[in-house]
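# Predicted structure and sequence below. I'll ask about it afterward.
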4 protein chains.
Amino acid sequence: MSVPHEEKWNAILDAAYRVFGTKGFYETKMAEIAEEAGIAKGTLYLYFSSKEEMFLAMSRRDFAIFLDGLRTELSGSFTFREKLSCIAKHHMEYFFVRRKYERVFFNSGNNDPGMMDMLTEFLSDYMKIVSDVMEQEGLKKPLYLAKALSGILEAYKMDILFAEGFGKEELQDRVEFTVNLFLNGCRGSY
Amino acid sequence: MSVPHEEKWNAILDAAYRVFGTKGFYETKMAEIAEEAGIAKGTLYLYFSSKEEMFLAMSRRDFAIFLDGLRTELSGSFTFREKLSCIAKHHMEYFFVRRKYERVFFNSGNNDPGMMDMLTEFLSDYMKIVSDVMEQEGLKKPLYLAKALSGILEAYKMDILFAEGFGKEELQDRVEFTVNLFLNGCRGSY
Amino acid sequence: MSVPHEEKWNAILDAAYRVFGTKGFYETKMAEIAEEAGIAKGTLYLYFSSKEEMFLAMSRRDFAIFLDGLRTELSGSFTFREKLSCIAKHHMEYFFVRRKYERVFFNSGNNDPGMMDMLTEFLSDYMKIVSDVMEQEGLKKPLYLAKALSGILEAYKMDILFAEGFGKEELQDRVEFTVNLFLNGCRGSY
Amino acid sequence: MSVPHEEKWNAILDAAYRVFGTKGFYETKMAEIAEEAGIAKGTLYLYFSSKEEMFLAMSRRDFAIFLDGLRTELSGSFTFREKLSCIAKHHMEYFFVRRKYERVFFNSGNNDPGMMDMLTEFLSDYMKIVSDVMEQEGLKKPLYLAKALSGILEAYKMDILFAEGFGKEELQDRVEFTVNLFLNGCRGSY
DNA sequence: GATGAATGAGGATTCATTCAT
DNA sequence: TATGAATGAATCCTCATTCAT
């Protein structure tokens, strides 16, 4: 359990991301990940003690990237609308870029308690960031609002995966729609 | 391939719902479903030709109940606000009642094309019902609105599963919040 | 174990013959035989106590028909050549008529001792009939000759199954060839 | 799909030969082959993708040995009688040596098309070798003769399996008888 | 007698994980 | 460190047989 060559550690997680993301946790075979990473099956176990742990590490890394990116971008936004846009855009773009591997976030699962804990923690962190934005604006029930916002974005995420010819314009379209709806309600101007 | 005793067919699907719902598709063993249903393993295969097909049948039945219930309840709602409340309440209560078995809707997972098709069709039907409500109100982009609404509800669904002591009051609370947010935006009165 | 309606007993064996003969012992399902016979699965067990026993009964009946027919036809043959022709013709025609169901004689098998015994007994009876013919002709090693003759016919039986467009003429051709070879050796006139 | 250690590949096929040869295809369990080979069940599947494929590979190897041996031995025979003796002896000895495992050639059975194809090809190759011998002797209908010869030998093969105390002398006896019968007919001197 | 729903032992195959090299 | 051959527990599914109706 030393910390072997970090480069390979990341390469394995990259491969894992591609395969898990394409086929889901259960349909993914360790052999496939090894092949995708261009190493031997046994080697995987020098870096991760089990399939679950590997999935966990991969998710952890992915979640961290998501949250760090969001924090960074958010620090450059100032008005409330800007912040909402920033959140929406980040959420959508993150998955848009990774759309080929989207089984990951879906199929987050298996009943592994470790997995559940980590997902819960991720959501908690994400919601904290968003609800802070709400709070800074003096809104009531900031956590409710945060969840609602991310829920809308999750719903539109589906379009990334299933809508024909979904591109950057459609993405921007959804982002703006979301912000307007969130600010003004369904009868607001948009 | 006759259709033996419909009663047992439903009993098996009930058992399947409980087990799939608790453990997810992959962690569920056919033997467990048989045991839960109080019958022999082999008997399952008199009713369903495979684990996949059984999961499919179970989902199909569940989706149909959800949609039929929604249509029925919606037909007793008249104002726009009433209709929104009705949708939100139905969505939340449906899962609240089934909260013990919520792995089902999650882990629809498994790359089975039949499953994907059915899920897509369900979503399409659900969104049609909701977007019709938006359209009747003369709103623009009714499908976007429908997806946004259901997205919010899905986000709150998480609270059903994970929030401590989530009960009927919390549920009603989320429903009202959702409707107000949807109608008036985040700064609206609620 | 009474002797139920003999007609149905035979009907079942007819069905069994068709299915076993097409697919072999192991690939045949009791359900298929029942369907082929137009009766219920359970009914088979009123007539035969197991799949093996059914196969045995079917073979027994088939063997008896073969031997009875041979005896009858042979009783109308007088010269040695006539008798050889009769044997050859009977052997070939028997399988020609049943060529659609020829897996039976092949796949006679499974390791069931009862099956082995019966096959052995059948061969013994068959060889007795043929070797008697040899003996009546005053030939030495009549049993060897009997086996040789039937061996040749078995080899040609393959052509019934696999040769394209094998018909009555080809059959007659093989019969005459066999008799000539048997009488005169490979350099004899034929 | 590299070809791991050829030695083990052969060892598995040897074990398979013994078990299939004793019990037939259907009565043989993969677990038994593994045990016979002294390895784990799973290992079998590193070398053969299925029970069928294993049986096929085993038969293929066996057939090739049979034919190669025959060709080799035949190349040392010169007169027609010598060649016939060679064929007969090879055929009989091949099975004599393997008499404990004779279910293999019998029970080639199983409707697998791959198996049928291979069996057909084997017979075709075998018959080609034998009929070439006939042709070189200027005999008419060489293929008929080839089939007849092998048919006789197959019939005597039964004696290997079932005749009490069948030994080398009996074998030689059958070989000579076969050759004489084939050359001179049933009334020839032998 | 006839039925066919129910049974459950049994077997082929998969795949995460180990460990000798 | 890296390998990949070997392992064997685990699981889906089949099908001969039974038995309540």
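Here it is on my side, so go on. The model shown is predicted, which means the values in this text are computed figures rather than measured ones.

# After the host helix or strand of A:Ala11, which helix or strand is next?
In the assignment (DSSP states H and E), A:Ala11 maps to helix A:6-23. As assigned by DSSP H and E, the chain's next helix or strand after helix A:6-23 is helix A:30-37.

# If I take the helix holding A:Ala11 and helix A:30-37, what angle do their directions form?
Relative orientation of helix A:6-23 versus helix A:30-37 (axes from the mean of the first three to the mean of the last three Cα atoms, to 10 degrees): 120 degrees.

# Give me the distance between A:Asp68 and A:Ala148.
For A:Asp68, the distance to A:Ala148 equals 24 Å [Cβ to Cβ, to the nearest Å]. No exception for glycine: its C-beta is placed from N, CA and C like everyone else's.

# Quick check: A:Pro113 vs chain C, distance?
Per Cβ to the nearest Cβ, to the nearest Å, A:Pro113 is found 45 Å from chain C.

# Just the CA atoms of the helix holding A:Ala11, as CSV, please.
The C-alpha trace of helix A:6-23 is given here as CSV (Å, rounded to 0.1, in the frame of the first residue of the first chain):
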residue,chain,number,x,y,z
GLU,A,6,1.3,8.3,-9.2
GLU,A,7,1.2,8.6,-13.0
LYS,A,8,0.2,5.0,-13.4
TRP,A,9,-2.3,5.4,-10.6
ASN,A,10,-4.0,8.1,-12.6
ALA,A,11,-3.7,6.2,-15.8
ILE,A,12,-5.5,3.3,-14.3
LEU,A,13,-8.3,5.6,-13.0
ASP,A,14,-8.6,7.1,-16.4
ALA,A,15,-9.0,3.7,-18.0
ALA,A,16,-11.5,2.8,-15.2
TYR,A,17,-13.4,5.9,-15.9
ARG,A,18,-13.8,5.1,-19.5
VAL,A,19,-14.9,1.5,-19.0
PHE,A,20,-17.1,2.0,-15.9
GLY,A,21,-18.5,5.0,-17.6
THR,A,22,-19.4,3.1,-20.7
LYS,A,23,-20.7,-0.1,-19.2
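
# still on that earlier bit, neighbour count: A:Asp68 and A:Ala148, which is higher?
Neighbour totals were compared for A:Asp68 and A:Ala148, and A:Ala148 leads with 28 against 10 (other Cβ atoms under 10 Å in any protein chain shown).

# near DNA strand E at all, the helix holding A:Ala11?
No. Residues of helix A:6-23 contacting DNA strand E under Cβ under 7 Å from any atom of the strand: none, with a closest distance of 10.3 Å.

# Buried ones in that helix, by neighbour count?
If you call a residue buried by 16 or more other Cβ atoms under 10 Å in any protein chain shown, then helix A:6-23 has these buried ones: A:9, A:11-13, A:15-23.

# Adding distance to chain C, write those residues out as JSON lines.
Putting these into JSON lines (distance: Cβ to the nearest Cβ, whole Å) gives the following:
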{"residue": "A:Trp9", "distance to chain C": "52"}
{"residue": "A:Ala11", "distance to chain C": "49"}
{"residue": "A:Ile12", "distance to chain C": "46"}
{"residue": "A:Leu13", "distance to chain C": "48"}
{"residue": "A:Ala15", "distance to chain C": "43"}
{"residue": "A:Ala16", "distance to chain C": "43"}
{"residue": "A:Tyr17", "distance to chain C": "46"}
{"residue": "A:Arg18", "distance to chain C": "43"}
{"residue": "A:Val19", "distance to chain C": "38"}
{"residue": "A:Phe20", "distance to chain C": "40"}
{"residue": "A:Gly21", "distance to chain C": "42"}
{"residue": "A:Thr22", "distance to chain C": "38"}
{"residue": "A:Lys23", "distance to chain C": "35"}
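
# Around DNA strand F, pick out the residues from chain A.
A:2, A:4-5, A:8, A:39-43, A:45-46.

# Quick one: buried ones out of the residues you listed?
Buried members of these, scored by 16+ other Cβ under 10 Å, are A:39, A:46.

# so A:Ser85 touches A:Val179, yeah?
Yes. Contact criterion Cβ atoms under 8 Å: A:Ser85 and A:Val179 qualify, at 5.3 Å.

# Name the residue in those two with the higher neighbour count.
A:Val179 (23 against 17).

# Check whether the more buried one really touches A:Lys83, as I assumed.
No. Using Cβ under 8 Å, A:Val179 is not in contact with A:Lys83; the gap is 9.6 Å.

# residues contacting A:Met92?
Contacts for A:Met92 were tallied using Cβ atoms under 8 Å, 6 or more residues apart in numbering or on different chains; they are A:153, A:156-157, A:160, A:171, A:174-175.

# A:Thr79: neighbouring residues, count only.
When neighbours are counted by other Cβ under 10 Å, A:Thr79 registers 9.

# err, A:Met118, not the other one
18.

# now A:Leu171
19.

# swap in the one 4 residues further on?
Residues within reach of A:Val175, counting by other Cβ under 10 Å, total 22.

# can you tell me the helix or strand for the nearest residue to it once chain neighbours are set aside?
Leaving aside its sequence neighbours, A:Val175 sits nearest to A:Ala88 (Cβ to Cβ, 6 or more residues apart in numbering or on different chains; 4.5 Å). A:Ala88 belongs to helix A:80-97 when assigned by DSSP H and E.

# What's the local residue count around A:Ser50?
12.

# Thank you, goodbye.
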